[in-house]
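# Quick one: sequence and predicted model below, then my questions.
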Amino acid sequence: MKTLGGLLRLIHVISKYRIFDEFIKIKGSIFTRFFYRILVIIFSPIRSSGKLVDALKELGPIYIKFGQTLSTRPDIIGQKACQDLKDLQDRLEPFPFEELKQIFHKETGKIPDEVFANFDEQSVAAASVAQVHKAVLNSGEVVAVKVLRPGIKIKCQQDLKILNFLARIISRLYPQTNNFKFLEVLEIFEGSMKMELNLRMEAANSSELKDNLSSDIGIYIPPVHWDLTTEKVLVTKWVEGISIYDVESIKAQGLDPIEISERVAIMFFEQTYRDGFFHADMHPGNIFVTLEGQIALVDFGIMGRLSPKDRVSVAQILQGFLRRDYMQVAKVHLKAGYIPKDTDLALFAGYCRSICEPIVGLALKDVSISKILAQLFQVIQEFGLDIQPQLILLQKSMILIEGVGKILNPDINMWELAYPWMEKWTIKNLGFEARIVKFISKIKQSIEKQLCEEFS
């Protein structure tokens with residue numbers, strides 16, 4: 001019954017804000033348009049003056065999160081809707097502090113007053129899934145205490161059922177939308193939500209990223225207090241730093257915003273291409289600069305992974321763009337299976353050239369990443385290609401990182417910054433010596449496997 005109630009509420013909001021008006025007008029059959037008008041008349045004959053953002057806010061936290069995911073997908077919801085969703089903030093009123101203390105006690109088996117010398121009742125952040133409070137352990141260490149919202153898991157499951165139902169209806173009514181892999185986008189979103197709803201997994205993500213970046217100078221990942229961490233509670237060391245938003249305070253501390261912007265970009269390249277495991281929610285609110293000049297990351301609920309094959313393919317594609325070798329870009333797409341085997345490579349390379357040549361040499365402030373992505377998705381549609389689900393988080397992360405770059409240094413050019421790093425990475429991972437090492441390693445593994453089978 002709750003799911004049915006949620007579905008009726010969704011239909012009411014869709015009708016109220018006329019969310020699908022343009023889509024139905026362009027794509028809908030006569031029957032679909034007629035049925036849509038009937039729904040509008042029944043559920044909300046008076047149109048609201050609000051926008052898509054207002055509709056998502058009215059629907060609640062899960063829809064807000066999904067709206068943030070869709071804000072990087074102009075191919076699905078259009079360029080205008082993406083612009084509208086850019087400012088969608090995941091902020092809610094905090095739930096009562098006494099309720100938070102009860103959850104902490106139930107989860108950890110420990111009474112907060114016996115664990116903490118001080119526990120701020122006012123939250124420092126309250127979002128759709130959880131909220132964070134500052135506290136001081138009896139040892140004197142300052143920590144961040146993150147606790148899931150009561151009932152959020154059940155609410156999330158109900159809303160995801162409804163979104164899945166809606167996605168399948170759209171897929172059946174409009175088969176031409178299947179090449180957008182909307183259901184796969186929803187599946188990825190569902191997976192990321194499951195991760196966010198398990199704070200023990202977030203702690204594990206933090207630990208893995210900390211290990212991966214341990215040899216990188218100037219990066220700080222706050223350690224986890226595992227004895228106080230459960231599925232619904234996460235306690236980490238408090239990060240004392242300057243928000244990446246606050247450029248003036250960064251300068252006042254004697255730090256160079258331009259140098260920091262370059263380090264943030266290189267850190268992202270390292271996570272993505274070297275490790276294949278990257279922070280997929282690196283918006284400015286999750287990045288701080290410590291007083292010592294370290295780049296500190298928080299909130300590891302959304303992470304992305306790239307297989308070795310995808311890492312190589314994406315790196316080669318990026319290298320091709322950096323070298324302006326668009327035929328290489330086309331060939332890598334074909335080899336990776338990103339485009340059909342019968343694709344005209346010269347034509348595809350021409351499309352890539354038409355997208356990227358206008359931005360070569362421009363400063364980041366003069367480049368609209370969302371427009372570039374929209375053009376790339378148009379190419380995908382033109383060639384009947386599939387948008388690879390595993391790359392969606394990477395696309396989103398690249399937009400976020402470039403947004404951080406704009407804040408710190410409006411004149412930064414990510415293309416120029418990426419080129420020398422990518423050249424070194426390519427030589428190390430794709431050069432002749434690297435191939436020999438990998439070949440020998442494969443032979444060794446094959447022999448070891450054969451010996452195990454022989455003597456087992």
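Everything's here; your move. Numbering: from 1, shown residues only.

# quick one: contacts for the residue nearest to the spatial centre of the chain?
When CA atoms, centre = their mean is applied to the chain, the residue found nearest the centroid is A280 (3.9 Å). Shown in contact with A280 (CB atoms under 8 Å, 6 or more residues apart in numbering): 192, 302-304, 393-394, 396-397. Yep, even glycine has a C-beta here, placed from its N, CA and C like the rest.

# I'd like the distance between it and I401.
Going from A280 to I401 by CB to CB, to the nearest Å gives 11 Å.

# What backbone torsions are found at I219?
Dihedral angles of I219 (phi, psi; degrees, to the nearest 10) stand at phi -110, psi 130.

# Angles on the backbone of the closest residue to L255 other than its chain neighbours, please.
Nearest residue to L255, sequence neighbours excluded (CB to CB, 6 or more residues apart in numbering): G293, at 5.3 Å. With angles defined as degrees, to the nearest 10, G293 sits at phi 90, psi 10.

# isn't G293 right up against I219?
No. Assessed by CB atoms under 8 Å, G293 is found out of contact with I219, at 11.0 Å.

# These two: which has the busier surroundings?
Taking other CB atoms under 10 Å, G293 and I219 do not tie; I219 has more neighbours (20 against 16).

# Counting neighbours, what do you get for the closest residue in space to the more buried one that isn't next to it in sequence?
Closest residue in space to I219, ignoring its immediate chain neighbours: L213 at 4.7 Å, by CB to CB, 6+ apart. Neighbouring residues of L213 were enumerated by other CB under 10 Å; the total is 21.

# Next up, the contacts around L213.
So L213 contacts 219, 221, 267, 270-271 (CB under 8 Å, 6+ apart).

# could you dump the residues you listed to a markdown table with pLDDT, distance to A336 and secondary structure?
As requested, these are exported to a markdown table (pLDDT from 0 to 100; distance: CB to CB, whole Å; DSSP: H, G, I helix; E, B strand; the rest coil):
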| residue | pLDDT | distance to A336 | secondary structure |
| --- | --- | --- | --- |
| I219 | 96 | 30 | strand |
| I221 | 97 | 31 | coil |
| M267 | 93 | 25 | helix |
| E270 | 90 | 22 | helix |
| Q271 | 93 | 21 | helix |
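
# Let me have those residues in TSV, extended by distance to G140.
As requested, the contacts of L213 are arranged in TSV below (distance: CB to CB, whole Å):
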residue	distance to G140
I219	25
I221	21
M267	31
E270	34
Q271	33
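
# In PyMOL, how would I select just the buried ones from the residues you listed?
Typed into PyMOL, the line below selects the buried ones among the contacts of L213, using 16 or more other CB atoms under 10 Å:
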select buried, resi 219+221+267+270+271
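
# And the contacts of L213, which is closest to H333?
Distance to H333 across the contacts of L213 (CB to CB) is lowest for Q271, with 23.5 Å.

# where along this structure do the strands fall?
116-119, 125-126, 130-137, 142-148, 219-220, 233-237, 241-243, 277-279, 287-290, 295-297, 303-305 (DSSP state E).

# can you redo those strands as JSON lines with distance to K101?
As requested, the strands of the chain are exported to JSON lines (distance: least, CB to CB, whole Å):
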{"stretch": "strand 116-119", "distance to K101": "8"}
{"stretch": "strand 125-126", "distance to K101": "16"}
{"stretch": "strand 130-137", "distance to K101": "10"}
{"stretch": "strand 142-148", "distance to K101": "9"}
{"stretch": "strand 219-220", "distance to K101": "29"}
{"stretch": "strand 233-237", "distance to K101": "11"}
{"stretch": "strand 241-243", "distance to K101": "27"}
{"stretch": "strand 277-279", "distance to K101": "30"}
{"stretch": "strand 287-290", "distance to K101": "27"}
{"stretch": "strand 295-297", "distance to K101": "27"}
{"stretch": "strand 303-305", "distance to K101": "29"}
